[in-house]
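Colleague: can't give you the sequence, but here's the structure:
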């Protein structure tokens, strides 16, 4: 097929382009800005556009499909040309469904943990040499791309994001996949720029349950009361399999999962990750992997990219970075690190970076999220607040929201850097949590400083 990507440089979009190119399709694309690692990866595959920008002349009647990325706007000149020609235009999730409609679709959703659970499933399948198609939101060790589409695999495992599908399709992505098997890990309010109320956000998961095929399966975290109620009340005739956090212990800095064959040491840690593991075990079982084989494989799982990733370690200090930014994720990650390293001082650095986290009315959702940190630091950029056209935030609002009078707050990247380079990390754990970059902080440089 001949397929053109509008906004090919996105993290998800360029991975789909690479996957379809590898499959044998003819791929072209455009974008007005392409950053690393997308640029190098597209260039190595011969798919990097010659020039940045939008070129309607690339849109011709011989294209079989046009895939539209979220980065493009509704008035994009290439999109307008495709509409004028009456071409088949797909959002990213629409095309994934189109490519997998004859397969068993396994969709992993939830406000938190979906990337990790999807990654666990792929790790187990890869360990046992099972051929499956997939789409996951993080780069995984042992996988070339975040997307694989083939003509041979019977299953496709899809990370089901609740964010919008495209500039011209305002439906959440996970509404479009029509899963045969689904998992929901929990519900915690997020994306308030799209879902302005808790009730509106929860409604998206209620709708998702109705999209599961008749006779399909929902695996769900029964420890989440809101989610459990939704599953119990759904009118959809589906099979329901609840799961909860398995028993585990921590000994000498190692998490041990209790199994019928004895304690199993894991590379990952944290109650939320053990909960994720149990969800992944259920899905793998439904895909033909028994419990013993699952445990054999999961013992070597080191985590998904940017999820509690260890970036430096010395004899008496360790540094982690995590993508956590929403209140529930920040709380779970902070508690996990403190539980794993209970004898060390925990210094938690959180950047308020997303639209939701910088919104004054949403800040109260962070109450108690950093309670387990011995030193709690929040960084945010007033410039980012201005760019997002939000009401300005005062330091007192952050202290009140987090319920910590001893909170350290920075708005200047230079002040944060000074703090980090003058701190004593003896018997400490340093935890960075953000989907941003702390105003340009060079973590590689900081790692080398800590290692000295």
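Modeller: Looks like it came in fine. Only a predicted model underlies this, so the values are computations on that prediction, with no experimental measurement involved.
Colleague: Please make it C-alpha for all contacts and neighbour counts, starting now.
Modeller: Noted.
Colleague: the helices in this structure, which residues?
Modeller: With helices called from DSSP state H, the chain shows them at 11-23, 38-44, 77-85, 92-100, 114-127, 198-211, 225-233, 271-286, 291-298, 327-340, 382-387, 395-402, 413-421, 443-451.
Colleague: The fifth one: how far from the chain's middle?
Modeller: Distance, stretch centre to chain centre, for helix 114-127: 13 Å (C-alpha atoms, centre = their mean, to the nearest Å).
Colleague: For it, which helices and strands make contact with it?
Modeller: strand 104-109, strand 155-159, helix 271-286, helix 291-298 (3 or more C-alpha pairs under 8 Å, 6 or more residues apart in numbering; DSSP states H and E).
Colleague: Reformat these as TSV; add distance to residue 31.
Modeller: Output for the helices and strands packed on helix 114-127, formatted as TSV (distance: least, C-alpha to C-alpha, whole Å):
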stretch	distance to residue 31
strand 104-109	29
strand 155-159	24
helix 271-286	36
helix 291-298	38
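Colleague: For residue 373, find the nearest of those.
Modeller: helix 271-286 (16.3 Å; C-alpha to C-alpha).
Colleague: Next, the buried residues of the closest one.
Modeller: 271-284 (16 or more other C-alpha atoms under 10 Å).
Colleague: Just want the angle from that helix to strand 104-109.
Modeller: 170 degrees (axes from the mean of the first three to the mean of the last three C-alpha atoms, to 10 degrees).
Colleague: quick one: helix 271-286 to helix 114-127, angle?
Modeller: 50 degrees.
Colleague: thinking residue 119 is in contact with residue 140, fair?
Modeller: Yes. Using C-alpha atoms under 8 Å, residue 119 makes contact with residue 140 at a distance of 7.2 Å.
Colleague: Between these two, which contacts overlap?
Modeller: residue 304 (C-alpha atoms under 8 Å, 6 or more residues apart in numbering).
Colleague: So for the two, which sits in the more crowded spot?
Modeller: residue 119 (29 against 18; other C-alpha atoms under 10 Å).
Colleague: lowest average confidence, helix or strand, in this structure?
Modeller: helix 382-387 (a mean of 78; mean pLDDT, DSSP states H and E).
Colleague: Show me what it is in contact with.
Modeller: 353, 358, 391, 392, 393, 411.
Colleague: again, but for stretch 435-447
Modeller: 311-312, 319, 323-325, 351, 353-354, 379-381, 412-413, 417, 421.
Colleague: One more pass at 6 Å, please.
Modeller: 312, 323, 413 (C-alpha atoms under 6 Å, 6 or more residues apart in numbering).
Colleague: Distance from it to the middle of the chain?
Modeller: That offset, for stretch 435-447, works out to 20 Å (C-alpha atoms, centre = their mean).
Colleague: Return the set of buried residues in that stretch.
Modeller: So for stretch 435-447, counting by 16+ other C-alpha under 10 Å, buried means 435, 436, 438, 439.
Colleague: and of the contacts of stretch 435-447, the nearest to residue 405?
Modeller: For the contacts of stretch 435-447, the nearest to residue 405 is residue 413 (21.6 Å; C-alpha to C-alpha).
Colleague: OK, contacts around that closest one?
Modeller: Contacts of residue 413 (C-alpha under 6 Å, 6+ apart): residue 439.
Colleague: so what pLDDT did it get?
Modeller: We have a pLDDT of 93 for residue 413.
Colleague: any idea how far residue 393 is from it?
Modeller: Separation of residue 413 from residue 393 (C-alpha to C-alpha, to the nearest Å): 17 Å.
Colleague: center of the protein - which residue?
Modeller: With distances taken as C-alpha atoms, centre = their mean, the chain has residue 115 as the residue nearest its mean C-alpha position (4.6 Å).
Colleague: Give me the spatial nearest neighbour of that residue, chain neighbours excluded.
Modeller: Distances taken as C-alpha to C-alpha, 6 or more residues apart in numbering place residue 137 nearest to residue 115, at 5.8 Å, with adjacent residues excluded.
Colleague: Neighbours of the one you found, how many?
Modeller: Counted with other C-alpha under 10 Å, residue 137 comes out at 21.
Colleague: before we move on, what about the one 5 residues further on?
Modeller: The burial metric for residue 142, expressed as a neighbour count using other C-alpha under 10 Å, is 9.
Colleague: again with the one 4 residues further on
Modeller: Here the neighbour count serves as a burial measure; for residue 146 (other C-alpha under 10 Å) it reads 21.
Colleague: what does the model give it for pLDDT?
Modeller: Looking at residue 146, the pLDDT reads 91.
Colleague: The one 3 residues further on now?
Modeller: Predicted confidence (pLDDT) at residue 149: the value is 95.
Colleague: next one: residue 388
Modeller: 68.
Colleague: Now distance to residue 51 too, for the helices of the chain, in a markdown table please.
Modeller: Output for the helices of the chain, formatted as a markdown table (distance: least, C-alpha to C-alpha, whole Å):
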| stretch | distance to residue 51 |
| --- | --- |
| helix 11-23 | 16 |
| helix 38-44 | 12 |
| helix 77-85 | 14 |
| helix 92-100 | 23 |
| helix 114-127 | 33 |
| helix 198-211 | 39 |
| helix 225-233 | 47 |
| helix 271-286 | 42 |
| helix 291-298 | 44 |
| helix 327-340 | 39 |
| helix 382-387 | 27 |
| helix 395-402 | 44 |
| helix 413-421 | 33 |
| helix 443-451 | 31 |
